[in-house]
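Colleague: Provided below are the primary sequence and the corresponding predicted coordinates.
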Amino acid sequence: MSNLKILVFLISFTLIPVADASVIHGKVFSWETLEPINGVIVEINTTPVQKKVTENGSYIFDSVPPGNYTIRAVYKTEKEYLYAEENITIVTEGRYVIDLILFPEINIPDIQDIEMVEFDIGDVGGWNYFILIPIPVIIAFAVLLIYLRRSRVDEIEFQEEPDLEANGIESLPDDLREVVEILIRNDGRISQRDLRKKIGCSEAKMSLMVADLERRGIVEKVKKGRGNIIFLKDEFLKS
């Protein structure tokens, strides 16, 4: 009888952490179509880190203890990376729904760290896959990456000035014209934080300028995590 009590105690003790764990689930959508996306890699920075791949656009983490976490999602298209990030605080046990909207990647650090882990998952992929790639191709690719990273530093200096008259915004005040010029140089989109850094103004003035451009129908502001992404409308992007 005493052995049975010990066994019941041990089983109950091992279930204590599970009782405090929560479930986080949701769907991942495209910012262009607002349709769910399959094959998106979603991770949460628990210990250890949990990673899931969306099926029917959905993901689920079923054992998340109390704490502060960041959920990141990344998806690679033929042209670019799409990225989403949300913060969540788990205080009590329960089910939390966190839907994510993927935006084009803009200055997101370590974005490839999420996807590279996926090459080690499964029996078909893994490290042996990379052995098949010819070494000269790897070297050439590495050199290209280094060149692109260095060239981005001087990109603005050598970029052609936008034709503001053709865009119909030549009458804007100087500070608003500067915002539009930066947006044009960045393919029509930039985070509000990076825009403020480039202009060198206060957060309050940056918010006022963005609001003024929104009122004029020139830009659109989209909430993303704890920040904003500023999009230049297509009719003003043409040169």
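Modeller: Thanks, I have the structure now. Residues are numbered from 1 along each chain as shown.

Colleague: ok, S191 touching N228?
Modeller: Yes - assessed by Cβ atoms under 8 Å, S191 is found in contact with N228 at 7.1 Å. Where you see a C-beta, it was placed from the backbone N, CA and C, and this is true even at glycine.

Colleague: contacts for the helix or strand where V74 lies next, please.
Modeller: Per DSSP states H and E, V74 falls inside strand 67-76. Applying Cβ atoms under 8 Å, 6 or more residues apart in numbering, the contact partners of strand 67-76 are 24, 28, 37, 39-46, 59, 81-90, 98, 100, 102, 105, 111, 114-115.

Colleague: next one: stretch 199-211
Modeller: With Cβ under 8 Å, 6+ apart, stretch 199-211 has contacts from 175-176, 178-179, 182, 192, 195-196, 219, 221, 228, 230.

Colleague: any idea of the mean pLDDT for it?
Modeller: The average of the pLDDT scores along stretch 199-211 is 87.

Colleague: mind listing what's buried along the helix or strand containing A211?
Modeller: Element membership of A211 [criterion: DSSP H and E] is helix 203-215. Neighbour counts over helix 203-215 (16 or more other Cβ atoms under 10 Å) mark 206, 209-210, 212-213 as buried.

Colleague: still on that earlier bit, for the strand holding V74, output the C-alpha coordinates as PDB.
Modeller: C-alpha atoms of strand 67-76 as PDB (Å, rounded to 0.1, in the frame of the first residue of the first chain):
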ATOM      1  CA  GLY A  67       6.000  34.400 -18.300                       C
ATOM      2  CA  ASN A  68       6.700  37.000 -20.900                       C
ATOM      3  CA  TYR A  69       7.200  35.700 -24.500                       C
ATOM      4  CA  THR A  70       7.700  36.800 -28.000                       C
ATOM      5  CA  ILE A  71       6.000  34.900 -30.900                       C
ATOM      6  CA  ARG A  72       7.800  35.200 -34.200                       C
ATOM      7  CA  ALA A  73       6.700  33.900 -37.600                       C
ATOM      8  CA  VAL A  74       8.500  33.900 -40.900                       C
ATOM      9  CA  TYR A  75       7.600  32.800 -44.400                       C
ATOM     10  CA  LYS A  76       9.800  32.900 -47.500                       C
END
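
Colleague: parallel or antiparallel, which strands does that strand pair with?
Modeller: Looking at strand 67-76 with DSSP bridges, its partner strands are strand 41-44 (antiparallel), strand 81-90 (antiparallel).

Colleague: now distance to P65 and mean pLDDT too, for these, in a markdown table please.
Modeller: Formatted as a markdown table, the strands paired with strand 67-76 follow (distance: least, Cβ to Cβ, whole Å; pLDDT from 0 to 100):
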| stretch | distance to P65 | mean pLDDT |
| --- | --- | --- |
| strand 41-44 | 11 | 96 |
| strand 81-90 | 7 | 91 |
